[in-house]
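Trainee: Need a 3D model of the sequence below.
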Amino acid sequence: MERSVKDMFETINGNLSKDEITGRLDIGYRKTAGQHVIVELKRPKRSVTTAELIGQVSKYKSEMQKIFDQQGTKHEPVEIVVLLGKKPMAWNSQDERESSTKALKAYNTRIVFYDELLANAEKIYGDYFTKREIVDKLTEVMKAIDDYGTPSFP
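Mentor: Numbering: from 1, shown residues only. Below is the predicted model:
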């Protein structure tokens, strides 16, 4: 799913450096409200530091801002979601976690964990299937009513 910035923005120069042009996004998309979202996927067993994440997300922000400047759209919102399997190093206390979260928030970045993502997806799909069963039963009842009320002519 990785695409290079160059592939994404073939027609845009944006005065990007060679490293920026050949940089890779794991996942990038744009919400219907116009907000750009970058998802950075880390291997589930990989340990990272907050400083490492800030270095990476600040690079993404800088690259995107150069592209927006080139397009004349300087104030487009960008959110970055970092998907991790393990807590960042130094998240041993609540204070460290809050400090790290605050530092990342300055870059409009948040951390989501694989297990949290999977649990949320399981809950959403469970809710969907439960509601789907109700809808299916209602559909059967309405069909039975329609069939019962439909006159049959010889």
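Trainee: which helices and strands does the longest helix seen in the chain pack with?
Mentor: Selection of the longest helix in the chain by residue count, based on DSSP state H, yields helix 114-149. Secondary-structure packing of helix 114-149 (3 or more CB pairs under 8 Å, 6 or more residues apart in numbering; DSSP states H and E): strand 78-84. No exception for glycine: its C-beta is placed from N, CA and C like everyone else's.
Trainee: Where does His75 sit, in terms of helix or strand?
Mentor: Assigned by DSSP states H and E, His75 belongs to neither a helix nor a strand.
Trainee: In contact with it, which residues?
Mentor: Phe68 (CB atoms under 8 Å, 6 or more residues apart in numbering).
Trainee: Is the residue sitting nearest the centre point of the chain part of a helix or strand, or is it coil?
Mentor: Centrality entry for the chain: nearest residue to the mean C-alpha point is Val39, 5.0 Å, by CA atoms, centre = their mean. Following DSSP: H, G, I helix; E, B strand; the rest coil, Val39 is assigned to strand.
Trainee: I'd guessed it sits against Val81; true?
Mentor: Yes - counting by CB atoms under 8 Å, Val39 does reach Val81; the two are 4.9 Å apart.
Trainee: lowest average confidence, helix or strand, in the protein?
Mentor: strand 3-4 (a mean of 45; mean pLDDT, DSSP states H and E).
Trainee: gap between the residue nearest to the centre of the chain and Glu122?
Mentor: 19 Å (CB to CB, to the nearest Å).
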